[in-house]
Structures are given as C-alpha cells and as structure tokens.
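Trainee: Any chance you could fold what I've pasted below:
(chains A and B)
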Number of protein chains: 2
Amino acid sequence: MKKEQNHKLLLSFLYSILLNALLSLYVIYHSLSKPGWGIEAMAEAEAAAAIACSWHGHAFVDSVVVNGRPKCECNNCYAGEDCSILMRDCSADAVSGDPQYLEPYWRQNAGRSAVVLSGWHRMSYQNNAPNYISMELERHIRLLHRAVGNAVTDDRFIIFGSGSTQLLNAVIKAFSSPLDHNSPVGVVATAPYYEVFREQTKLFNSREYQWKGIPSNMSSSTNSTQLLSENLIEIVTSPNNPDGNLQRRSKFLLGSSMAAIHDHAYYWPQYSPIPAPADEDVMLFSNAKFTGHASSRFGWAIIKDEKVYQKVVTYMDLSTVGVSSDTQLRVLKLIKTILLQIREEGDFFKFGYETMKERWQRLSKVVSSSNRFSLQKLSPHYCSYFNEFKDPSPAYAWLRCEKDEDEDCEAVLRNAGILSRGGTMFEAHSRYARLSLIKTLDDFEQLLQKLQTLIFSTDSYSSL
Amino acid sequence: MKKEQNHKLLLSFLYSILLNALLSLYVIYHSLSKPGWGIEAMAEAEAAAAIACSWHGHAFVDSVVVNGRPKCECNNCYAGEDCSILMRDCSADAVSGDPQYLEPYWRQNAGRSAVVLSGWHRMSYQNNAPNYISMELERHIRLLHRAVGNAVTDDRFIIFGSGSTQLLNAVIKAFSSPLDHNSPVGVVATAPYYEVFREQTKLFNSREYQWKGIPSNMSSSTNSTQLLSENLIEIVTSPNNPDGNLQRRSKFLLGSSMAAIHDHAYYWPQYSPIPAPADEDVMLFSNAKFTGHASSRFGWAIIKDEKVYQKVVTYMDLSTVGVSSDTQLRVLKLIKTILLQIREEGDFFKFGYETMKERWQRLSKVVSSSNRFSLQKLSPHYCSYFNEFKDPSPAYAWLRCEKDEDEDCEAVLRNAGILSRGGTMFEAHSRYARLSLIKTLDDFEQLLQKLQTLIFSTDSYSSL
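Mentor: Alright, predicted model coming up:
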C-alpha cells in the first residue's frame, strides 16, 4: 500500500516536472519571440481604440488629451465624456459627403487593415520610383480596377494626388496650357454639378482657363459655330454628385472639339451599378469615397495621353511635391485588405452596397409617405461586379420640395432641424437640396427621424 | 531513510507544483495581455525593417515585392540584392535636398517614433477641429517652437499644408486677392533663391500675381517712385537656400509697402545658429528639412493677420481639402519624440548639428586644399538653443568655380562625376553650383571622394 502510494507520488512528480518543462519552454519561446520596436506604438493605438465612447463617437491616438488619455470625439448631437448624452434641439447634419458609413467595415477588419509606420519609413522625397509614386500601390490600383471591373487601366498612366480635388485642377491646367489661342479655355459642367468644380477653378483665377458655367446655358446664348470654335473642357461626374445618375458628355456640346475630365469618385459597386469598365481619356478616382478614408487625402487619375500625364506630373511636383508616402502606404494596405475578400465572405463592396441600399430604401419609404417631397428617380440596373440586377444605393438624396410655397428647400429643411446643401450650390433650382446618406449611422437616423417629424407635421397640418 | 526519501520526494513535488502554478500564471497573464489587432501589421513592419541591405539601402513595407519579400532599395551607386555591390563609373549625386542624413536618428529611436494607424483612424474629413487640423499637433508645434526658440507663436494662427511648397502659393494668393488694383501683384526674391519660388508662381499663371524676378534688377531698371507704387510680395529665405546666410528683406525695396513671406525651412539648430525667435508676419516651416521626413509632405505657416490666415484656409480647402491626417498623426509622434529629449541625452538637434558640422568641416578641408573652388563664407555664431557659439553647419555648399575657364561650374562638376544644381537655376552666375550635404552618408562620401579626385587631378595638371 505504502509502496503503491510512493509510486503514485513519483509518477505525479514526474508529470509535474514534465509540465514544468513544457511551461518553461513556452515562457522561453515567448521571451525570444516577443515583439520589438513596434510594441509601444501598438499599445498606444490599441489603448486609444479601446476607449469606450458609447458607440456614438471614437477616441483616436491624436485626440485631445484630457486627464492623460485621448478624449472621445462625439458624433453629431451626442455629448459627454463618453458621448452618451443625446442633445435636445440638435439639428441632423446631412451636409458633407463624409463617408463614415464605412467605419464599421474597417473595425471588423482591424487586424488586416492596420499599418505600422517606422520612424524612418520612406524619408526621401522619392519613392524609389519616378513621380513620387509607390510602385506597389500603383500595381495594386491596377489590380483593383481589374477585379472590380470599373475602369480600364492597361496602357494608361496613373498619377496620384492629394484627393481627386488636387488632380482636378492639375488636369484642367494640363489641357489648357500652354495657351495657344487668344482667350482662356472655358471649363464647363452640366447642372446639377459638384460645386467645387466652380469654386476651385475660380480660386486659381488662371490666365489659361476660366469657369464658364453650364453647357445648356451656353448653347442657348451662343450659336453653334461660336461654340465649336471655343476651347472647352467639360467635367463629367458619373455617377453624378448630387443625383447619382450615370452621366455622359453634354449633348449641347456634341461635335465640338473639346476635352473631357471624367470624375468617377462614385463609380464603385457600393454606390452604383457598374455596367462596364469606364474607358475615357482622363478618369479621376477618389480614395475618400471608395474606402471611406476622406482625411487621408488620396486620389488618382488614369490618363491615356502621355503629354497630358507629363503635365500633371509637373503640376504635382511644383504644387505639393507629390503625395504623402505615409498615406500611400496606408492606402496600399486598405486595397490589399479589400482585394483579399473580393466576392468572398467579408466582401467590402457587398458591405458598402448593403448599407447604402438599406439607407436609400428607408429614406424612400419615408419620403413616399407624403407628397411634400420627392427623390431622384433611380431604377435597378445590371451590375457586372455583383453579376446581377441591383437596386439603387446612391451616396446622396437629391430631394425636391414639391409644395408651391417651398421655393427654398434648404431653408425648409433647416427650419425642421435638417442641415443640407441647397440646390443653388449645384447651380440647380433652390427647390432642390442634397442630403448626404454616407455619414455615420447616428447622422442617418437623426436625418430620418427629423424628416419623418416634418412630414408628419405637414400631414397633420394639411388634414386640419 | 526511506521515510526521509519520501519526504524529499514530497517536498520536490510540492516545489514543482508551485513552479507550475507560477508558470501557469505567467502564461495566463501573457495570453490575456497579448497584443491585439495591431500584431499583424507590427510583424510586417518589423520583418521589413530587419531585411539586411548592407547599410547601403533599405527595404520598406511597401517596397517592390520579389520572391515574397520587399526588395532592398539601394543608395546611389550601390546595387545587388542586398545593395552590397559598389558600381563603378557612377556619379555622386548632390542634387536634391533630400534630408536622409537624419535616418540614423530615427532608427536609434525606433520604439519612440513608430506609429500605428488603425484601419478606421480618422476617416472623416474633419479632425474634430476647424480647418482639417489636428489640435494636438498644432499644440505640439507651439510647444516645439517655444522649446527651440526659433519662432514666436503666441497670438499667431497656424495652418498646415502639404509641405511649405503648397503654403507658399496659398500665402501669395492670400496677399494678392482680391485684386484691388489694375496690374497683378509682383512676386520677388533676392538671388540666389530657391528656384521653386519662380517655377511655381509661373506654373499657376494667375491673373492676380506674377513672377517679377530679383529686386536688385528691378531697382536698376525702375525709379524708386515707380517701385514704391508697385504691389510686391517678397519671399525671404532665412537661412537662405542655397548659401545658408541669414537673410533680411531686400534693401532695394526698403520703404515700399509690400508684403513679405519668410521661408524658415532651415531655421533649425542643426543648420543654423538661432540668434532669436523669428517674429515675422508670415513664416513658413517645412517638416521635410526639420525632421527629415520629406515624402510625408507636411509644412506649416505661422500667420499674424487673421484675414490672411482665413484666405489661406480657403485655399487649403479648395485646393486639397486640407492635409493627410495619417501624416498629421505621424508628425505628432515625431515631434513628441524630439520634445522628450530636448537638450538631453539623445537630443535630436545635437545629432543633426554634429552630423552637418562634421560634413561641412570635411568638405571645407577638401575645397581649401586648392584654389580651384571656393565655398560661401560662414562664421561661428551664437546659438540660443545650444547656448554657445557654434561653427557653421549649412545644408548646402554654394560652390564657386574659381578658374577663369570654368564658367559653367555645374558642367565642370558633372564631367568629374558630381551631379549638382547649377547657379543659373537660382538666378545666380553659372560659376556657382549647389551641392546638397544632407543626403545619405554614402552620397556625402561619394561627393567628397569625387571632389578630392577632381582637385587632385587639377593640381597634378597645374604642376605639370
């Protein structure tokens, strides 16, 4: 009995020793393989990410520091240390095209999409490639367009800009200089158009080009011979901002020998059906609307003609000496993450499309419950990316105030606690207003709620 | 005896159990505290950083991928998979102001200076602050100028740009619009001046301002009454690029009521003595020359007048919608790292100054060994940052070819295998050339060696 006990004790001891050995090995392995210089930055980023802001805000590593830690930055109408207080009498903000609806996607893909910048990452002006461009990023942008099927990139030049905003003026300048004619080149866009086209062109106040307004106005005041002799650059946004329509070049200008710039900021499956790859002379894409990283300031132009491309290169060089290489590294990582899941579980475009479609459907339902407002007409179309017919999922609602007295739709909405962008900004009638649908879920819910209240009060009023 | 053995065995067993318990606690603690979503990105960055490029190059996370890993990007004149092959008949490159001499500092401070960008870091256009500006970064820039003593920031506005390059045109535009006079405002700079001032102003070809050249030429061809009635903007670079002199406004223009933009890209203790904090109406600073992160494209303007500031804000909005927030986060981290060690062990400015001073001394020794070339005259000055007199440590050598027949100094150097920037670019005599001293150590050593060979061959030739 005693001997048996001794045996058991010995056996337990041996087991225990074996466990000691295994655990020690684990500890030694862990000590050897422990993370190096990146650990401090990682801890800092993870700590900021873990700060709870009640799902109505977020704290970032570079948020304002209060009591030793980054302070929550609250969504519109939320306040308090942890953004838990809903403010009364707060207007819903549907003004800016801030694509925050994609933030949940990137949170879900935290591990894949994070980027570490070492202190010595790419200090040189050059990216070991001409024109301050990351070759890996350029290659991945081509892979991306091929995978999505929204633009032809073979035998095309690609150049980066601080958003397509910077590239817009670069391309206009490239088309209009050197000035080989007496009068400056005219820049035109069909209304409703994105107001930055006008404001930016006016800001630069160049001797070589100037804002000329909308082609339909021109053709009514100009005879066709005059028109054909004019040098014009047309900006075509497709899908259009604000109304989401797939646009073509203005019929008023057909036949004239002018250049066109195609702004395809919204030509991605989350906003629009993709009937076929775009294949124009100059195409602009914006990372802001594509991945949702607006403040990274990144966009690219796909250009057919080498001379135009070279002029854009010179512009980029002299205006900002290229684009932040920090951002280029980040965008590369985001595109890699998206490419990894194309048409698979976790597809980025599916996430974006489903979110935007649902928002459009909910808004449509509210608007159609009365005759006070109407929305732009959008119908299902075949999308080559999803390989099926898809319901509309536009980035903006182009709302029309239908009541005779509601001449100023932006003001009508403002009085009801909804901030929007009025039609005149887009050189359209003030009876229209643009509502952004791509902001945070909080923004969208507030918008819907205020709109519902406005429509309900109208109905009550009408029925009196 | 047997009992004693049993006791020992029992005791060992208990010790073993205790050890197991402790080791298990360690393992559990480790599992709980193990890094989260940042680990993949960190491993990727550390793996790229660990790629050996023979100290003559570097691999980055976004370097071109060959055989599954980022390829070394070799310094000038080095080649091979690991940059170990020194190429013959390769010219030393002293052209660009690429501040790579600071890379070793950031490698030494790897842990402190790294940054992790989560996939959802600051997606919104706004930085939760007006004008797309990180408030924490703005605050740290003010702390930095106070700590260094090179600029007054109290009661001044600060605005960010994609390098001071972008801000330059923004400020010129702010000073000249709206055009309240018939002729465009003239932009001038005293030669030798940084050629981008001229090239950029010409590129934008504005109706509101135009390049007018150097003030001394103007005063000789214009009488002083004419001059005073002209609207002029003077760009003053101090210390000057290319010659490193602390500049003041042109004496030719004294008394005229014109605006001035002070470019202080090199007004940091590593390049120049700091006699006192600069305190001008508009001051430009560039992160490229300060921390060495040229490709991040970050600079800032310190502006006294609110109206001028507001116009620059509008320009930033319409030209690029602000500056990359990825870069803003990184610059914040770099400045924090520098502030942590101001005037202490590991002082950033001390590192920079010692490096630049040594390069200048070595170059001076080589140049002074013959009469073929001469350098700009720089003398020791009191520096308030180091609180002592300091020997010169300029970013560039402004070399003069002294031989009668060497009318084109850039060509003389080029024929001897040294690439430089010729004097005419700076609107100075072709007898001058600018040599960049701020590139990699390899670049500097190659430059010295080629210059030594050139001078030696001249001497041999002369003595024949």
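Trainee: how's chain A carved up into domains?
Mentor: By the assignment in automatic domain parsing, chain A contains the domains A:39-90, A:95-103+A:347-462, A:130-340.
Trainee: Make JSON lines out of those and add distance to B:R107.
Mentor: Bear in mind the C-beta positions are built from the backbone N, C-alpha and C, glycine included. Below are these laid out as JSON lines (distance: least, C-beta to C-beta, whole Å):
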{"stretch": "domain A:39-90", "distance to B:R107": "15"}
{"stretch": "domain A:95-103+A:347-462", "distance to B:R107": "34"}
{"stretch": "domain A:130-340", "distance to B:R107": "17"}
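Trainee: Now these in TSV, please, with extra columns for mean neighbour count and mean pLDDT.
Mentor: As requested, those are exported to TSV (neighbours: other C-beta atoms under 10 Å in any protein chain shown; pLDDT from 0 to 100):
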stretch	mean neighbour count	mean pLDDT
domain A:39-90	18	95
domain A:95-103+A:347-462	19	96
domain A:130-340	21	92
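Trainee: if I read this right, A:L117 contacts A:S325, doesn't it?
Mentor: No. The pair A:L117 / A:S325 is not scored as a contact, 9.4 Å apart, by C-beta atoms under 8 Å.
Trainee: I'd say A:L102 and A:F290 touch.
Mentor: No. With contact defined as C-beta under 8 Å, A:L102 does not reach A:F290; the gap is 9.2 Å.
Trainee: quick revisit: let me have the domains of chain A in TSV, extended by distance to chain B.
Mentor: Output for the domains of chain A, formatted as TSV (distance: least, C-beta to the nearest C-beta, whole Å):
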stretch	distance to chain B
domain A:39-90	4
domain A:95-103+A:347-462	5
domain A:130-340	4
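Trainee: Report the contact partners of the closest residue to A:V282 other than its chain neighbours.
Mentor: The shortest distance from A:V282 to any non-neighbouring residue, by C-beta to C-beta, 6 or more residues apart in numbering or on different chains, is to A:I261 (5.0 Å). Each residue near A:I261 by C-beta atoms under 8 Å, 6 or more residues apart in numbering or on different chains is listed here: A:L168, A:V171, A:I172, A:F175, A:I233, A:E234, A:I235, A:V236, A:V282, A:L284.
Trainee: Contacts only, for the first one.
Mentor: Taking C-beta under 8 Å, 6+ apart, we find A:L168 in contact with A:V196, A:F197, A:Q200, A:I235, A:I261, A:D263, A:L284.
Trainee: change it to 6 Å
Mentor: Applying C-beta atoms under 6 Å, 6 or more residues apart in numbering or on different chains to A:L168 gives no contacts.
Trainee: backbone phi and psi for it, please?
Mentor: The phi/psi pair for A:L168 (degrees, to the nearest 10) reads phi -60, psi -50.
Trainee: Please apply the same query to the fifth one.
Mentor: Main-chain dihedrals, A:I233, degrees, to the nearest 10: phi -120, psi 120.
Trainee: go on, A:Y78?
Mentor: phi -120, psi 150.
Trainee: for the spatially closest residue to it that is not a sequence neighbour, what are its contacts?
Mentor: Nearest non-adjacent residue to A:Y78, counting by C-beta to C-beta, 6+ apart: A:H56, 4.0 Å away. Shown in contact with A:H56 (C-beta under 6 Å, 6+ apart): A:C74, A:N75, A:Y78, A:C83, A:D442.
Trainee: related to what we said a few turns ago, and the residue nearest to A:V282, its phi and psi?
Mentor: phi -120, psi 120.
Trainee: hmm, the longest helix seen in chain A in reach of chain B?
Mentor: Looking across chain A with DSSP state H, the single longest helix is helix A:2-32. Yes. On the criterion C-beta under 6 Å from any C-beta of the partner chain, helix A:2-32 is in touch with chain B at A:L9, A:F13, A:S16, A:I17, A:L19, A:N20, A:L23, A:Y26, A:V27.
Trainee: So for that helix, mean pLDDT?
Mentor: Mean pLDDT, helix A:2-32: 83.
Trainee: Which elements pack onto that helix?
Mentor: helix B:2-33 (3 or more C-beta pairs under 6 Å, 6 or more residues apart in numbering or on different chains; DSSP states H and E).
Trainee: ok now the helix it packs on, how far from the chain's centre?
Mentor: Centre-to-centre, helix B:2-33 and its host chain are 58 Å apart (C-alpha atoms, centre = their mean, to the nearest Å).
Trainee: And that helix, what's buried?
Mentor: Neighbour counts using 16 or more other C-beta atoms under 10 Å in any protein chain shown place B:F13, B:S16, B:L19, B:N20, B:L23 of helix B:2-33 among the buried residues.
Trainee: Could I get the CA-only coordinates of the helix or strand following that helix as PDB?
Mentor: Along the chain past helix B:2-33, the next helix or strand (assigned with DSSP states H and E) turns out to be helix B:39-50. Coordinates of the C-alpha atoms in helix B:39-50 are reproduced here as PDB (Å, rounded to 0.1, in the frame of the first residue of the first chain):
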ATOM      1  CA  ILE B  39       0.200  42.400 -34.200                       C
ATOM      2  CA  GLU B  40       0.000  41.500 -37.900                       C
ATOM      3  CA  ALA B  41       0.900  45.000 -39.000                       C
ATOM      4  CA  MET B  42       3.700  45.100 -36.400                       C
ATOM      5  CA  ALA B  43       5.200  41.800 -37.500                       C
ATOM      6  CA  GLU B  44       5.100  43.000 -41.200                       C
ATOM      7  CA  ALA B  45       6.800  46.300 -40.400                       C
ATOM      8  CA  GLU B  46       9.500  44.600 -38.200                       C
ATOM      9  CA  ALA B  47      10.100  42.000 -40.800                       C
ATOM     10  CA  ALA B  48      10.700  44.600 -43.500                       C
ATOM     11  CA  ALA B  49      12.900  46.600 -41.200                       C
ATOM     12  CA  ALA B  50      15.000  43.500 -40.500                       C
END
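Trainee: and the next element down the chain from helix B:39-50?
Mentor: Once the chain leaves helix B:39-50, the next helix or strand it forms, by DSSP H and E, is strand B:57-58.
Trainee: partners of the helix or strand following that following strand in the sheet?
Mentor: As assigned by DSSP H and E, the chain's next helix or strand after strand B:57-58 is strand B:65-66. If you go by DSSP bridges, strand B:65-66 pairs up with strand B:69-70 (antiparallel).
Trainee: just how off-centre is the partner strand within its chain?
Mentor: On C-alpha atoms, centre = their mean, the centre of strand B:69-70 falls 28 Å from the chain's centre.
Trainee: And for stretch A:381-388?
Mentor: 21 Å.
Trainee: ok, the nearest residue to A:I85 once chain neighbours are set aside to B:C90 distance?
Mentor: Leaving aside its chain neighbours, A:I85 sits nearest to A:A79 (4.7 Å; criterion: C-beta to C-beta, 6+ apart). A:A79 sits 62 Å away from B:C90, taking C-beta to C-beta, to the nearest Å as the criterion.
Trainee: Could I get the full set of strands for the stretch 51-200 of chain A?
Mentor: Along the stretch 51-200 of chain A, counting by DSSP state E, counting those that start in this stretch, strands occupy A:57-58, A:65-66, A:69-70, A:73-74, A:78-79, A:85-86, A:92-93, A:115-117, A:157-161, A:185-188.
Trainee: packing partners for the longest one?
Mentor: Judged by 3+ C-beta pairs under 6 Å, 6+ apart, strand A:157-161 is in contact with strand A:299-303.
Trainee: List of residues touching the strand it packs on?
Mentor: Residues contacting strand A:299-303 (C-beta under 6 Å, 6+ apart): A:151, A:153, A:156-161, A:163-164, A:167, A:282-287, A:309.
Trainee: quick one, whatever helix or strand comes next after it and strand A:299-303 angle?
Mentor: Following strand A:299-303 in sequence order, the next helix or strand is helix A:306-320 (DSSP H and E). In terms of direction (axes from the mean of the first three to the mean of the last three C-alpha atoms, to 10 degrees), helix A:306-320 departs from strand A:299-303 by 160 degrees.
Trainee: What ranges does the stretch 151-300 of chain A have for its helices?
Mentor: All helices of the stretch 151-300 of chain A, identified by DSSP state H, counting those that start in this stretch, fall at A:163-176, A:196-204, A:215-221, A:224-229, A:287-291.
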